[in-house]
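[1] This is a predicted model, with the sequence first.
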Amino acid sequence: QVQLVESGGGLVQAGGSLRLSCAASGRTFSRYTMGWFRQAPGKEREFVAAIDWSGDTAYYADSVKGRFTISKDNAKNTLYLQMNNLKPEDTAVYYCAARLGFYYYTSVNEYNYWGQGTQVTVSS
C-alpha cells in the first residue's frame, strides 16, 4: 500500500504559479503510476495530468496543456505538479492518486490510492 500527502496549495492571483507536491510512503514508489485530479465545488472530480511509473511519459487534460507540468522523482518518493499561468477556472481541490502499473491512466476509477487534497484558489 501507499499513503499520499499533498502540499503546496494556496491563494494566487491569475497569471501566477504554484507547485504542488505529493509525498508518498513506502519503498515501492517507483512501481506506481500516478496522476493529479481536481474537484471544484458542485462538480465531479476531473483528470488533470498523469505520468507513467518511470516518469518519462506524461499526459495532460486539454484545459491545462502547456501550462501545467507533472513530474515524478522516484528517489524522493514525490510527485509534483508545476502550475503556471493560473486562471480562476483552475480553482479547485487538487488530489494526487496512485496505482500499481507501468503506463499512465486518466480515469478516477483506475486509481486505488488517493491523498486528502490541497486547495488551490486563483483570484481574478
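    Okay, I see it. Note that the coordinates shown come from a computational prediction; the quantities given were computed from them, not determined experimentally.
[2] Can you give the contact residues for stretch 17-31?
    The contact list for stretch 17-31 (C-beta atoms under 8 Å, 6 or more residues apart in numbering) reads 1-10, 12, 32, 34, 36, 53-54, 74, 77-86, 94, 96, 98, 100, 115, 118, 120. C-beta coordinates here come from the backbone N, C-alpha and C atoms, glycine included.
[3] mind running it again at 7 Å?
    Around stretch 17-31, the neighbours that count as contacts under C-beta atoms under 7 Å, 6 or more residues apart in numbering are 1-10, 12, 53, 74, 77-84, 86, 94, 96, 98, 100, 115, 118, 120.
[4] What's the separation between Tyr113 and Arg67?
    When C-beta to C-beta, to the nearest Å is applied, the distance between Tyr113 and Arg67 equals 26 Å.
[5] Now the most centrally placed residue in the chain. Nearest residue, chain neighbours left out?
    In the chain, the C-alpha closest to the average C-alpha coordinate belongs to Trp36, at a distance of 2.4 Å (C-alpha atoms, centre = their mean). What sits nearest to Trp36 in space, not counting adjacent residues and going by C-beta to C-beta, 6 or more residues apart in numbering, is Val48, at 4.3 Å.
[6] Just give the number of residues close to that neighbour.
    24 (other C-beta atoms under 10 Å).
[7] try Gly35
    Residue crowding around Gly35 was assessed by other C-beta under 10 Å; the count is 27.
[8] do you know how far it is from Ser124?
    Noted for Gly35: a distance of 28 Å to Ser124, by C-beta to C-beta.
[9] So which residues of this structure form strands?
    All strands of the chain, identified by DSSP state E, fall at 4-7, 10-13, 18-24, 32-39, 46-51, 58-60, 68-73, 78-83, 92-100, 113-114, 118-123.
[10] From Thr69, how far out is Gln80?
    For residue 80 the amino acid is Tyr, not Gln. Using C-beta to C-beta, one obtains 8 Å as the distance from Tyr80 to Thr69.
[11] Neighbour count: these two, which is higher?
    More crowded of Tyr80 and Thr69, by other C-beta under 10 Å: Tyr80, with 19 against 16.
[12] And the pLDDT at the more buried one?
    According to the model's per-residue confidence, Tyr80 sits at a pLDDT of 98.
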